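*Asks:* mind looking at a prediction? Sequence and model below.
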Amino acid sequence: MKKNYIFTLLLTLITALSFGQEMLLNGGLENWDDDATPTSWTKAEEITKSTDAHSGSFSAFRDGITKTKDLGQTIAGVVPGESYTVSFWYKVTAGDGEDARIWSAWKNGSTTVYHTENSTTDVLRGPENGYLDNNGGVWTKHEVTVTAPAGVNAFYFEVRSYKTSTTYFDDLSFVKNATASVENNSIEGFTTYPNPIRNNEFTVSSASNSEKTINVFNLLGKKVLSTSFTGVKSTINVSAMNAGIYILKVTEEGRTATRKLVVR
């Protein structure tokens, strides 16, 4: 009976985590004002409509002949303490390894509020001031889950490409997660990435140096991984876990964040 209860509870949690409110407009890039202007995007520098799409009919293509160029959109209605999943698909077919990256930020009105004080530890800028993996020129998904910090009311979603790169973007998304709340996900600056997990590792981080307890459960409610660390972030190895769907529970100073975790 206890196992059946836990299984039902976990399925309910997974269902809730799997659906949320999409807040980005025209993230699939199916609507264009003209061949250089995707509808609803407030910034589209040297972007061209392309039929080489990850899904649907179109993507945003950029041949980096000149300097850095951006595709961006400001999203209103962000709530501090709530959980959001930021994701997009990209493909880089030419470049020098420093070709594309995410360069997003939280906002309070017109003021930019960086997720952390130092961009070298920020999953929303690089991530960590780095560049996206070219992955041999195939469509690749980049996804992070973040908690909106105090004092913000908007999010600026931006992807960036650089000189000499040939880059495509498609299926961009900013989702307010259904189960997020100040009560359940109140760890300030909490992030986990990548998700789905690749190369048997994922990173957990927050704004605090306090001790974090990490527990991962399978769909039967069995704890399959337990560890802890003290500091802003740590990389967790899951090589002993089979591919599948899990529940990640992170506790810090009595506060808890819960996420669906996909291992591939």
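*Replies:* Cool, the structure landed.

*Asks:* I'd like the average pLDDT over stretch 177-192.
*Replies:* The predicted model assigns stretch 177-192 a mean pLDDT of 65.

*Asks:* hmm, residue 156 and residue 102 touching each other?
*Replies:* No - under the criterion of C-beta atoms under 8 Å, residue 102 makes no contact with residue 156, lying 11.0 Å away. All C-beta atoms are positioned from the backbone trio N, CA, C, and that covers glycine.

*Asks:* which residue of the two possesses the greater neighbour count?
*Replies:* In terms of neighbours (other C-beta atoms under 10 Å), residue 102 is the more surrounded of residue 102 and residue 156; the figures are 22 against 18.

*Asks:* residues near residue 151, how many?
*Replies:* By the measure other C-beta under 10 Å, the count of residues near residue 151 is 10.

*Asks:* buried sites along stretch 46-55?
*Replies:* For stretch 46-55, burial by neighbour count (16 or more other C-beta atoms under 10 Å) applies to 46-47, 49-50, 53-54.

*Asks:* output those residues in TSV; the columns should cover distance to residue 35, secondary structure and pLDDT.
*Replies:* Supplementary listing: those in TSV, determined by distance: C-beta to C-beta, whole Å; DSSP: H, G, I helix; E, B strand; the rest coil; pLDDT from 0 to 100:
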residue	distance to residue 35	secondary structure	pLDDT
46	12	coil	90
47	9	coil	92
49	5	strand	96
50	10	strand	97
53	14	coil	96
54	19	coil	96
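
*Asks:* export the residues you listed to CSV and tack on distance to residue 202?
*Replies:* Converted to CSV, the buried residues of stretch 46-55 look like this (distance: C-beta to C-beta, whole Å):
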residue, distance to residue 202
46, 34
47, 31
49, 35
50, 31
53, 28
54, 23
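
*Asks:* of those, which is the nearest to residue 146?
*Replies:* residue 54 (22.4 Å; C-beta to C-beta).

*Asks:* quick check: the closest one touching residue 89?
*Replies:* Yes - the pair residue 54 and residue 89 qualifies as a contact (C-beta under 8 Å) at a distance of 4.2 Å.

*Asks:* got any residues that touch both of those two?
*Replies:* By the contact definition C-beta atoms under 8 Å, 6 or more residues apart in numbering, residue 54 and residue 89 are jointly contacted by 139, 170-171.

*Asks:* any stretches of this protein with poor pLDDT?
*Replies:* 1-19, 115-121, 178-186, 220 (pLDDT under 70).

*Asks:* again, only this time at 80
*Replies:* Within the chain, the segments meeting pLDDT under 80 span 1-20, 64-66, 114-121, 178-186, 219-222.

*Asks:* next, name the residue at the spatial heart of it.
*Replies:* Centroid check for the chain by C-alpha atoms, centre = their mean gives residue 144 as the closest residue, at 2.1 Å.

*Asks:* need the contact list for that residue.
*Replies:* With contacts taken as C-beta under 8 Å, 6+ apart, residue 144 has the following neighbours: 85-87, 123-124, 127, 191-195.
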